[in-house]
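Trainee: sequence-free structure coming up:
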C-alpha cells in the first residue's frame, strides 16, 4: 500500500510540475524514472497500472520532439520489460533521426 500511495503522490507532483514548472520537472526526471521502473516490476497489478499512468504523464511532458514521438513505445518498454516491447523501442530509437541535442529529461525516458 505504501508503494502505491507514493506513486499516487508522485503522479500528482508530476502533473503539477508539467503544467506549472516544466524546467523543474526536467531536472528531477532522471531520479524519478529509474524509481518508477523498479516499481513497474512489482507483482501487484495496481502498482504497475499506477506506474504506467505516471510514465505516460512523464512522456507527455517531454519537450524534445524526436523523443516525444517515441514516448509511447519507450513507456511500453519501461512498463513491460519483456522482449517484445523492448525490441520495438530499441528499433524505434535506432531508426529515429535526431534533429537537436537530447536533454536530460528526454534521456531519463530513454535510459
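Mentor: Nice, thanks for sending it over. This is a predicted model, so every value here is computed, not measured.
Trainee: hey, let's count contacts and neighbours off CA atoms from now on
Mentor: Will do.
Trainee: can you give me how far the helix or strand encompassing residue 57 is from the chain middle?
Mentor: If you go by DSSP states H and E, residue 57 is part of helix 45-61. Counting by C-alpha atoms, centre = their mean, to the nearest Å, helix 45-61 is centred 7 Å from the centre of its parent chain.
Trainee: List the contacts of it.
Mentor: Residues outside helix 45-61 that contact it (C-alpha atoms under 8 Å, 6 or more residues apart in numbering) are 3-4, 7-8, 10-11, 14-15, 18, 22, 29, 33, 36-37, 39-42, 68, 71-72, 75, 79, 109.
Trainee: Are any of those buried, and if so which?
Mentor: Neighbour-count burial (16 or more other C-alpha atoms under 10 Å) applied to the contacts of helix 45-61 gives 4, 7-8, 10-11, 14-15, 18, 22, 29, 33, 36-37, 39-41, 68, 71-72, 75, 79, 109.
Trainee: still on that earlier bit, right, and the helix or strand after the helix holding residue 57?
Mentor: Following the chain from helix 45-61 toward its C-terminal end, the next helix or strand by DSSP H and E is helix 65-79.
Trainee: Can you name the element that comes right after that next one?
Mentor: helix 83-95.
Trainee: Which positions in that following helix come out as buried?
Mentor: For helix 83-95, the neighbour count (16+ other C-alpha under 10 Å) marks 85, 86, 89, 92, 93 as buried.
Trainee: Wait, the third one touches residue 73, no?
Mentor: It stands for residue 89. Yes - using C-alpha atoms under 8 Å, residue 89 makes contact with residue 73 at a distance of 5.2 Å.
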